[in-house]
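# whatever this is, show me its structure:
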Amino acid sequence: MRIDVITLFPAMLQGPLSESLIQKAQQKGLLSLNIVNLRDFTSDKHKTADDSPYGGGAGMVMKVDVIAKALGEVGKKVEIRNSKLDSRQSKIENRIVLMCPSGQPLTQAKVNELAKAENLIILCGHYEGVDERVRELVDEEISIGDYVLTGGEIPALVLIDAVARQIPGVVKEEDSIKNDSFYNGLLDYPSYTRPEEFEGKRVPEVLLSGHHAEIEKWRRKEALKKTFERRPDLLAKANLSESDRKILKELLNNG
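Residues are numbered from 1 along each chain as shown. Take a look at the predicted model:
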């Protein structure tokens, strides 16, 4: 998978994208990351990529002509890469995403969808946002929450990290992904490691039993319990079995 990130502040991305699993994914050739400086597509000596808003008001607005040029150049490189890919690939999906507070909330379902794309181009908003005409140049707008950050760089990092985890081979243990919170519609079950006892608090006996069926049963119940207590809104969309519903009924009656 190739991900291009268009930003006014490349340094905000370089450090985090050269660490941990993201770095290993690039070294393995599973992920190709390209950070693009938006100012490289400006036409004046001051490299102006933003301007004051028409009609007055506070802040600056990112310029549509500069962004359009950047998207065009990155798009050409993507097309060249696609033409070199194995012709047996029947479909190559390209997605252009704008990170901004007014976008659709990022969910695990959206992450899974974007992870299927061959090329992902992420545009980082900044200042007071982008010229409204930029929205016609992207496929979708994504937000990581109902709050405002300095710019779209940190949200872009969140999206890249979440998407990268879904690329086969990036996370060594595939079961780890399947048990992640939100992957199956529930929060993750509790985890424990050594020491067996800490300040009088012991690891649940079932996890020490070696009885795998009982362990899985306990983990499912605990995941349901945590979701019920912390994020009951998720249960309405989760794929629940009859045994799951019985557990939830017990939790409700005991609550």
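
# how many residues are close by the residue nearest to K28 when sequence neighbours are not counted?
Among residues not flanking K28 along the chain, G169 sits closest, at 6.6 Å (C-beta to C-beta, 6 or more residues apart in numbering). No exception for glycine: its C-beta is placed from N, CA and C like everyone else's. Other residues near G169 number 12, with proximity taken as other C-beta atoms under 10 Å.

# you'd agree G169 is up against Q27?
No: contact between G169 and Q27 fails when scored by C-beta atoms under 8 Å: they sit 11.5 Å apart.

# using the three-state scheme, assign F9.
coil (DSSP: H, G, I helix; E, B strand; the rest coil).

# backbone dihedrals for it, both of them.
Torsion angles at F9 (phi, psi; degrees, to the nearest 10) stand at phi -130, psi 80.

# list the residues that contact it.
The contact partners of F9, taken as C-beta atoms under 8 Å, 6 or more residues apart in numbering, are C124, H126, G151, E153.

# re earlier: now the residue nearest to K28: how far from L159?
19 Å (C-beta to C-beta, to the nearest Å).

# model confidence over stretch 82-89, on average?
Stretch 82-89 comes out with an average pLDDT of 64.

# repeat that for stretch 58-78.
Mean predicted confidence for stretch 58-78 is 94.

# only the C-alpha atoms, please, for stretch 23-40, written as CSV.
Only the C-alpha atoms of stretch 23-40 are listed here, as CSV (Å, rounded to 0.1, in the frame of the first residue of the first chain):
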residue,chain,number,x,y,z
GLN,A,23,8.9,1.8,10.3
LYS,A,24,9.0,-2.1,10.2
ALA,A,25,6.2,-2.1,7.6
GLN,A,26,8.1,0.2,5.4
GLN,A,27,11.3,-1.8,5.8
LYS,A,28,9.4,-5.0,4.8
GLY,A,29,8.0,-3.3,1.7
LEU,A,30,4.4,-3.7,3.0
LEU,A,31,3.8,0.1,3.2
SER,A,32,5.2,3.0,1.2
LEU,A,33,5.0,6.4,2.8
ASN,A,34,5.6,9.7,1.1
ILE,A,35,5.4,13.0,2.9
VAL,A,36,4.7,15.9,0.5
ASN,A,37,5.4,19.5,1.4
LEU,A,38,2.5,21.6,0.1
ARG,A,39,4.7,24.7,-0.1
ASP,A,40,6.6,23.0,-2.9
